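Novice: next comes the sequence, and after it the predicted model I'd like to discuss.
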Amino acid sequence: MKKKIIIIGGVAAGASAAARLRRLDEQAEIIILEKGEYISFANCGLPYYIGGIIKQRNHLLVQTPAAMSKRFSLDIRTCNEATSIDTANQTVDITEINTGRIYKENYDYLIICTGSQAVIPEIPGINKHAVFQVRNIPDSDLIKSYIQAHLVRRATIIGGGMIGLEMTEMLHNLNLEIHIIESSPQILPFLDPEMASYLHRELRRNHIKLHLSEKVSAILGAQKVTGLQLNSGGVLDVDMVILAAGIYPNNALAEQAGLAIGAVGGIQVDEYLRTSDPHIYAAGDVIQVNHIVTGAETLAPLAGPANRQGWIAANNICGNKVLYKGAQGTSIIKLITQTAAATGLSEKELKNTSIPHQAVHVYPFSHAPYYPGAEQIAVKLLFNPQNGLLLGAQGVGADGVDKRIDVLATALRAKMTVFDLQELELAYAPPYSSAKDPINMAAYVAGNVVLGLTDITHWPQVPEQIKNHNAFLLDVRTIPEYSLGSVQNAYNIPLDEIRNRHQELPEGQTILIYCGVGLRSYIASRILTQLGYKVKNISGGYNLYRAVNS
C-alpha cells in the first residue's frame with residue numbers, strides 16, 4: 001500500500017530523512033513542510049558567510065527545493081508552517097505563510113524535525129534595532145548588510161558557546177572591537193575549565209574583551225542599541241549586539257500534539273526514534289537521546305547526529321529496523337589560531353555521575369618536533385582508573401587537534417580502553433605525526449595511572465594538600481626554567497640531580513612534583529618512589545598551571 005509521509009522541517013534531519021525515504025520507497029508520497037524559505041542549508045556555515053570566508057551566499061545551500069524535488073520526486077513546500085497535529089485523525093494543520101491560507105494534510109507517518117530555537121534572554125530593550133540572532137540565512141543576510149551599510153566599529157556577543165565564538169572570530173576578521181559576555185565562569189561548556197583557559201588566553205591575546213560570570217541587565221538606546229548595562233555596574237558602548245545565549249528544543253508542536261516530552265526538554269523517542277505515537281517519528285535537535293557513556297538522557301544538537309537520526313527514522317518507517325545507539329557529543333570549533341574539540345563526557349559531567357574517573361593532561365607535538373611547523377597540543381584524557389575504559393577526551397591547539405579527536409571519538413564509540421589506545425598503529429611520517437602519536441602518548445600516561453606506576457594529582461587539589469596534609473611542592477625543571485617563573489613556595493631540584501640531592505627532601509611528607517608538562521615529573525616520581533618517598537605527579541605541569549592562572 002502506498003504510504004504518505006509528511007516531514008516537518010527541511011534542514012539537516014528532515015532533508016536526510018526525505019532522501020533516504022525515496023531511496024527505499026519509490027512509490028511513497030513524501031511532503032516536506034518548511035516554514036522558512038530554504039531547505040538543507042548549511043546553518044553551521046552562517047558565521048563564515050557573515051565574516052566573508054564563504055564568499056558566495058549560494059554555497060550555503062546544500063540543496064535547493066527545486067533541485068531536491070526533481071532528483072528525489074518530493075513535494076517540498078517552503079514557507080509552509082505546520083501549526084498543529086491531530087494524532088487521532090492523523091492530520092496536520094498547515095499555514096501557507098505568504099498567503100495566509102490554512103489547510104490540512106493527512107498522513108500515514110509523520111517525522112518531526114523542527115530543530116531548536118534560540119534562547120532569548122529577558123533583558124529590557126532586547127527588541128531594539130541592531131540586536132541580531134544567527135539562526136538562518138535571512139539572519140545572516142541582515143547582519144552582513146547591516147555591517148556593510150553602517151559604520152559598525154564595536155560589537156558585543158552575548159554568549160560564549162559555539163555560535164558566539166564563531167561569530168567572534170568572523171567579526172574579529174572584520175577588524176571590529178569585540179566584547180563577549182558570558183554568564184558562566186568559562187566559555188564553551190563542553191570543555192573543562194582548565195582546557196577553556198587556553199581559549200581565554202587566545203581571545204585576550206587578540207584584544208577581544210572577555211567578560212566572564214557577567215550578565216546584561218539592560219540594552220540601552222532609543223530605537224537602536226547604543227550600549228549595554230552590565231550586572232556588575234559597568235556600561236559598554238556598542239554599535240551592534242549578537243544574541244548567542246544558547247538553544248533549546250523547538251518542541252511546541254510536539255507538546256500540542258500530546259507527544260511525550262522527556263526530562264531534559266526534547267521529544268522522547270525510543271531506540272527506533274519513534275515518539276509516544278507509533279505513527280510519528282522525530283529526529284534532530286528537537287529530540288533527546290541517550291548518552292553512550294552513561295545511558296542518561298541528553299540533548300545533542302549537532303549536525304552529524306541530526307543527519308543520521310533522519311536517515312534512521314526513514315529506515316524504520318520503511319521496515320528496515322535500525323537502532324539509534326546514542327550520542328557522544330563530539331564537537332569542534334576553530335577560534336582564530338586555535339582549535340578546540342571534545343568527545344564523550346567532561347570531568348564536570350563525570351562528577352555528577354557515580355562513574356569512577358581520572359584525568360591526565362599531556363602536551364605532545366602535532367607532528368615530529370624536528371620537522372618545521374610542529375605545534376604543542378593540550379590533550380586531556382578521561383578514563384576509568386579501575387579498568388582504563390575511555391570516558392571522554394578534549395584537545396586544544398593550533399594544529400592536529402581534529403585528527404586526534406576523531407580517533408578518540410571512534411575509540412570511545414568502540415568502548416576501547418587506554419591500553420587499546422596504546423596499541424593503535426597510527427600513520428606516521430615527520431610532517432604528520434611522531435613515532436608515538438599524541439594519542440599513544442596520552443594513553444601511556446593514563447595506563448601508568450591504571451597500573452599504579454604513578455599517583456597523580458591536579459592543580460586545584462594542590463593548595464589543600466599543602467595546607468592540610470603538609471605536602472611538599474617540588475619543581476624538577478632546569479634552573480633557567482625555574483628562574484623564569486615558578487609556583488609559589490616550590491623547591492627546585494632539576495630532574496638530572498634528583499638521585500644525588502634527594503636527601504634535601506623532607507621525610508614522611510608527600511612530595512608533589514611538577515615539571516613543564518608532566519614527563520620529567522613522572523620520571524622523577526618513579527625515581528623517588530623507588531627510593532621510598534610518597535609521591536604524587538601534578539598532571540599538566542607548569543604549562544597547565546600558567547594557563548589556568550594567566
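Specialist: Structure's in. What do you need?

Novice: hey, where'd the strands end up in the stretch 401-550 of the chain?
Specialist: Using DSSP state E, counting those that start in this stretch, the strands of the stretch 401-550 of the chain run over residues 456-457, 472-475, 491-492, 511-514, 535-538.

Novice: same deal with the stretch 1-150 of the chain?
Specialist: Counting by DSSP E, counting those that start in this stretch, the strands of the stretch 1-150 of the chain are 4-8, 29-34, 75-78, 80-86, 91-96, 102-106, 109-112, 116-118, 131-132.

Novice: the longest helix in the chain is where?
Specialist: For the chain, the longest helix by residue count, based on DSSP state H, is helix 303-317.

Novice: list the buried residues in it.
Specialist: 305-317 (16 or more other CB atoms under 10 Å). All C-beta atoms are positioned from the backbone trio N, CA, C, and that covers glycine.

Novice: now the angle from the helix or strand following it to helix 303-317?
Specialist: Counting by DSSP states H and E, the next helix or strand C-terminal to helix 303-317 is strand 331-335. Interaxial angle of strand 331-335 relative to helix 303-317 (axes from the mean of the first three to the mean of the last three CA atoms, to 10 degrees): 150 degrees.

Novice: now strand 331-335: how far from the chain's centre is it?
Specialist: 7 Å (CA atoms, centre = their mean, to the nearest Å).

Novice: pLDDT averaged over that strand - what is it?
Specialist: Mean per-residue pLDDT for strand 331-335: 97.

Novice: so which bits of it are buried?
Specialist: By 16+ other CB under 10 Å, the buried positions in strand 331-335 come out as 331-333, 335.

Novice: which strands and helices sit next to it?
Specialist: When contacts are defined as 3 or more CB pairs under 8 Å, 6 or more residues apart in numbering; DSSP states H and E, strand 331-335 sits against helix 162-173, helix 193-205, strand 338-344, helix 401-413.

Novice: could I have the second one exported to PDB, CA atoms only?
Specialist: Provided in PDB are the C-alpha atoms of helix 193-205 (Å, rounded to 0.1, in the frame of the first residue of the first chain):
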ATOM      1  CA  PRO A 193      37.600  24.900  32.900                       C
ATOM      2  CA  GLU A 194      41.400  24.400  32.500                       C
ATOM      3  CA  MET A 195      41.100  23.500  28.900                       C
ATOM      4  CA  ALA A 196      38.900  26.500  28.200                       C
ATOM      5  CA  SER A 197      41.500  28.700  29.800                       C
ATOM      6  CA  TYR A 198      43.700  28.200  26.700                       C
ATOM      7  CA  LEU A 199      41.000  29.800  24.600                       C
ATOM      8  CA  HIS A 200      40.500  32.600  27.100                       C
ATOM      9  CA  ARG A 201      44.200  33.400  26.600                       C
ATOM     10  CA  GLU A 202      43.700  33.300  22.800                       C
ATOM     11  CA  LEU A 203      40.900  35.800  23.000                       C
ATOM     12  CA  ARG A 204      42.800  38.200  25.200                       C
ATOM     13  CA  ARG A 205      45.900  37.900  23.100                       C
END
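
Novice: quick one: strands adjacent to the helix or strand following that helix?
Specialist: Next helix or strand after helix 193-205 toward the C-terminus (DSSP H and E): strand 209-212. Strand pairing for strand 209-212, determined by DSSP bridges: strand 177-182 (parallel).

Novice: now the strand it pairs with and helix 193-205, what's the angle there?
Specialist: Computed by the same axes, to 10 degrees, the angle between strand 177-182 and helix 193-205 is 160 degrees.

Novice: give me the angle between strand 177-182 and helix 162-173.
Specialist: Using the same axes, to 10 degrees: strand 177-182 against helix 162-173 is 170 degrees.

Novice: ok, back up a step: looking at the buried residues of strand 331-335, spot the one nearest residue 406.
Specialist: Relative to residue 406, the closest of the buried residues of strand 331-335 is residue 332; by CB to CB it sits at 8.8 Å.

Novice: find the residue closest to that closest one in space, skipping its chain neighbours.
Specialist: Residue nearest to residue 332 in three dimensions, not counting chain neighbours: residue 341, with 3.9 Å by CB to CB, 6 or more residues apart in numbering.

Novice: hang on, that neighbour packs against residue 329?
Specialist: No. Applying CB atoms under 8 Å, one finds residue 341 not in contact with residue 329, separated by 10.9 Å.

Novice: who's more crowded, those two?
Specialist: residue 341 (25 against 22; other CB atoms under 10 Å).

Novice: next up, the contacts around the more buried one.
Specialist: When contacts are counted by CB atoms under 8 Å, 6 or more residues apart in numbering, residue 341 is found next to 330-333, 394-396, 401-402, 404-405.

Novice: for residue 365, same thing?
Specialist: 374-377, 434, 438.

Novice: which of these fall within helices?
Specialist: Members of the contacts of residue 365 lying in helices (criterion: DSSP H): residue 438.

Novice: buried subset of the contacts of residue 365?
Specialist: Among the contacts of residue 365, those buried by neighbour count (16+ other CB under 10 Å) are 374, 376-377, 434, 438.
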